[in-house]
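> 3D, please:
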Amino acid sequence: MIKNFPPFHLAFPVKNLLETKTFYINCLGCSIGRTSKEWIDFNFYGHQITAHLSPDSCDLENNNKVDGKNVPVRHFGLILDWDDWHLIKEKLVKNKAKFIVEPYIRFENKPGEQATLFIIDPSFNGIELKSFKDKDMIFAT
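Modelled structure (predicted):
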């Protein structure tokens, strides 16, 4: 078992690099790493995510029902500290982010209690930000 969690890398398709750059900087507070005419690296809270220009790969059609809400099958995100999740949620609300799942608490007062929300970027990539009230419950069944 790995003792320290290394930063992850994730590459994903986007339809427009300028819209993507604006969203990830202004909405999520990411900084930019290397760039080219075909891709942009972002610092996503210490993780490297790379937006690759691929307009034909962007859609919002594949969803599953979770708690009665449409959750995009293809999504990524972060598990944040409880207080950080609430701070970022407030920033997203203030910046009028487009929520595809409004912020709410799942499994309230049960093992695995978590705060969660889903937003989408301009290319319909789902982003989930969540926080567990007790981090030891991340993998609770």
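> tell me which residues in whatever helix or strand residue 25 lives in are buried?
Using DSSP states H and E, residue 25 maps to helix 17-26. Residues of helix 17-26 classed as buried by neighbour count (16 or more other Cβ atoms under 10 Å): 17, 20, 21, 23, 24. Any C-beta I mention is one placed from the backbone N, CA and C, and that applies to glycine too.
> and if you look at stretch 102-113?
So stretch 102-113, judged by 16+ other Cβ under 10 Å, has buried residues 103, 113.
> Can you report the mean pLDDT over the residues of it?
Stretch 102-113 shows a mean pLDDT of 90.
> Give me the contact list for it.
Stretch 102-113 has contacts (Cβ atoms under 8 Å, 6 or more residues apart in numbering) with 67, 89, 93, 114-117, 132-134, 137-138, 140-141.
> Give the helix, strand or coil label for residue 127.
Classification of residue 127 using DSSP: H, G, I helix; E, B strand; the rest coil returns strand.
> start the count at 411, not 1, going forward
Fine by me, first position is 411 from now on; the one you just mentioned is residue 537.
> Quick one: neighbours of it, just the number.
Neighbour count for residue 537, taken as other Cβ atoms under 10 Å: 23.
> so what's it up against?
438, 485, 486, 487, 528, 529, 530, 531.
> Run through the bridge partners of it.
residue 486, residue 529 (DSSP bridges).
> How about residue 515?
residue 525.
> Then residue 424?
residue 463.
> coming back round to it: tell me the one of the contacts of stretch 512-523 nearest residue 492?
residue 543 (6.1 Å; Cβ to Cβ).
> didn't that closest one look like it was pressed against residue 493?
No: judged on Cβ atoms under 8 Å, residue 543 makes no contact with residue 493 at a distance of 11.1 Å.
> between those two, which one's more packed in?
Taking other Cβ under 10 Å, residue 543 and residue 493 do not tie; residue 543 has more neighbours (15 against 9).
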